[in-house]
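Participant: quick one, what's the 3D model for this:
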Amino acid sequence: MAIAKQEYEKLTSKNHDIEVKFFNLSPRTLLYGYTCARDTFHIYFDDESCVNKFIYNYYNKTLFHKKYEVLTNVDLKDLVPDKRVYPESTDYEFLLILLTHQIYVPFTRYDEERFERVKDLQYHGEVYK
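Facilitator: Residues are numbered from 1 along each chain as shown. Below is the predicted model of the structure:
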């Protein structure tokens, strides 16, 4: 079935009024990176299947935390840091969602050694307490 103009505009707009659906809701890191200010930027699912955006500094001081029960009317580009993302710490399903919504993800280079260190970890960074 062909896509109507209204559907096309909905899918390509910056503010999506469609709900983002995940198949795998298990607690885990979805995206891990850092900001231009060199603060850690961690997006993850918690034990309640909520998406968390957690930004903290070198001393593990919380700079920002927000919990999303559903990703509706969320500007998905706000879930990507302004500097770099570690590809080894990015969830494949989450990346597909971002790319489907035409969100640019500024990856740093892929590091096999880092992948070996983090591949079996549930969380690749701190979680909000």
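
Participant: CA only for contacts and neighbour counts going forward, please
Facilitator: Will do.

Participant: distance of the nearest residue to Tyr110 once chain neighbours are set aside relative to Asn52?
Facilitator: Counting by Cα to Cα, 6 or more residues apart in numbering, Pro87 is the residue found nearest to Tyr110 once chain neighbours are left out, at 6.0 Å. Pro87 sits 19 Å away from Asn52, going by Cα to Cα, to the nearest Å.

Participant: hang on, Ile43 in a strand?
Facilitator: Yes. Ile43 forms part of a strand when assessed by DSSP: H, G, I helix; E, B strand; the rest coil.

Participant: what about stretch 105-117, how long is it end to end?
Facilitator: For stretch 105-117, the first-to-last residue distance is 22 Å (Cα to Cα).

Participant: quick one: residues in contact with it.
Facilitator: Contact with stretch 105-117 is made by 80, 82-89, 98, as judged by Cα atoms under 8 Å, 6 or more residues apart in numbering.

Participant: now, which of those lie within strands?
Facilitator: The strands, defined by DSSP state E, take in 84-85 from the contacts of stretch 105-117.

Participant: TSV for the contacts of stretch 105-117, including neighbour count?
Facilitator: Below are these laid out as TSV (neighbours: other Cα atoms under 10 Å):
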residue	neighbour count
Val80	23
Asp82	16
Lys83	17
Arg84	20
Val85	24
Tyr86	19
Pro87	21
Glu88	23
Ser89	22
Leu98	18
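
Participant: so among the contacts of stretch 105-117, where is pLDDT lowest?
Facilitator: pLDDT across the contacts of stretch 105-117 is lowest for Leu98, at 91.

Participant: quick one, strands of the protein?
Facilitator: Using DSSP E, the strands assigned to the chain run over residues 28-34, 40-45, 51-56, 62-68, 84-85.

Participant: most tightly packed of those?
Facilitator: strand 40-45 (a mean of 26; mean count of other Cα atoms under 10 Å).

Participant: tell me the helices and strands packed up against that one.
Facilitator: strand 28-34, strand 51-56 (3 or more Cα pairs under 8 Å, 6 or more residues apart in numbering; DSSP states H and E).
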